[in-house]
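In: structural data only, the sequence is not supplied:
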């Protein structure tokens, strides 16, 4: 017998109605459509967020909402396929969606992003904050799982590894290997982090930060287990069930 579905979009209305009285955790994955070099798919961020949400839901008996596919990604806008939306638009969408989930009966929501742009995360957190203010009783946490992936920089990867680099390539190899191309680029950005200006092609010629030559699905699985362990502790601390049960 197959286990009950944990993706909200796979449930029928009456099945959801039966589940809601126990007030399960709801996970909202968020990604971005943006370039990740010549080897990773444009949807890599959402692919990772949804796969991680599915795995977390199985461990926590949670539900997973349909993901938000478009994010704030100004740094990669000049590369083919990158679509960047406004901070205000993303924040407003998150606020409205969380309000609707509250109306349905959800009281604990994890907004889980696979995309870590600072403006993108600020928009998610502001939308979540406003939704919690609008609806007392709604508990929301918003984070990017790359906060945990990048804890491994300096041990499992060089300290300067980043976007589309060794860690991310390995992770996508573990989660969606059929979508990873054969190229293994090496690229670094020379754009000062403190400077607010469009990236110059000479400073960042490819949408990759790091050397992907040693990427492997085995490394990706190690990364993913670390992420899931950190997420389990985060949910336990930030979104405990009512009464702490």
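Out: Great, that's in hand. Keep in mind the model is a prediction, meaning the values are calculated, not measured.
In: all helices of the protein, in order?
Out: Ranges of helices within the chain are 13-19, 44-60, 87-104, 118-134, 146-149, 166-175, 217-238, based on DSSP state H.
In: does anything pack onto the shortest one? Which helices or strands?
Out: If contacts are counted by 3 or more C-beta pairs under 8 Å, 6 or more residues apart in numbering; DSSP states H and E, helix 146-149 sits against helix 166-175, helix 217-238. In this view, the C-beta of every residue, glycine as well, is placed from N, C-alpha and C.
In: picking that back up, which one of the helices of the chain lies closest to residue 28?
Out: Across those, residue 28 has its closest neighbour in helix 87-104 (7.1 Å, C-beta to C-beta).
In: distance from the closest one to the middle of the chain?
Out: Relative to the mean C-alpha coordinate of its chain, helix 87-104 is positioned 17 Å out (C-alpha atoms, centre = their mean, to the nearest Å).
In: could you name the helices and strands sitting against it?
Out: Using 3+ C-beta pairs under 8 Å, 6+ apart: helix 87-104 touches strand 26-30, strand 108-113, helix 118-134.
In: now these as CSV including mean pLDDT, mean neighbour count and distance to residue 215?
Out: Converted to CSV, the helices and strands packed on helix 87-104 look like this (pLDDT from 0 to 100; neighbours: other C-beta atoms under 10 Å; distance: least, C-beta to C-beta, whole Å):
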stretch, mean pLDDT, mean neighbour count, distance to residue 215
strand 26-30, 98, 27, 23
strand 108-113, 98, 26, 22
helix 118-134, 98, 19, 24
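In: any chance of these in CSV, with distance to residue 225 too?
Out: CSV is the format used below for those (distance: least, C-beta to C-beta, whole Å):
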stretch, distance to residue 225
strand 26-30, 18
strand 108-113, 16
helix 118-134, 23
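In: about what we covered before: and the helices and strands packed on helix 146-149, which is most packed in?
Out: helix 166-175 (a mean of 26; mean count of other C-beta atoms under 10 Å).
In: where in this protein is pLDDT low?
Out: Applying pLDDT under 70 to the chain picks out residues 1-4, 191-193, 195-197, 243-245.
In: rewinding a little: of all the helices and strands packed on helix 146-149, which lies closest to residue 17?
Out: Here helix 217-238 is closest among these (C-beta to C-beta), at 24.3 Å.
In: tell me what that closest one is packed against?
Out: Partner elements for helix 217-238 (3+ C-beta pairs under 8 Å, 6+ apart): helix 44-60, strand 139-144, helix 146-149, helix 166-175.
In: need the contact list for residue 208.
Out: Counting by C-beta atoms under 8 Å, 6 or more residues apart in numbering, residue 208 touches 36-37, 163-165, 185-187.
In: separation between residue 110 and residue 236?
Out: Distance of residue 110 to residue 236, computed by C-beta to C-beta, to the nearest Å: 11 Å.
In: which residues are common contacts for these two?
Out: In contact with both residue 110 and residue 236: no residue, using C-beta under 8 Å, 6+ apart.
In: quick one on the thing from earlier: of all the helices of the chain, which one is nearest residue 200?
Out: Residue 200 lies closest to helix 118-134 among the helices of the chain, at 19.5 Å (C-beta to C-beta).
In: export the helices of the chain as JSON lines, with columns for distance to residue 27.
Out: Shown next, in JSON lines, are the helices of the chain (distance: least, C-beta to C-beta, whole Å):
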{"stretch": "helix 13-19", "distance to residue 27": "14"}
{"stretch": "helix 44-60", "distance to residue 27": "4"}
{"stretch": "helix 87-104", "distance to residue 27": "11"}
{"stretch": "helix 118-134", "distance to residue 27": "13"}
{"stretch": "helix 146-149", "distance to residue 27": "15"}
{"stretch": "helix 166-175", "distance to residue 27": "16"}
{"stretch": "helix 217-238", "distance to residue 27": "9"}
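In: many thanks, I have nothing further to ask.
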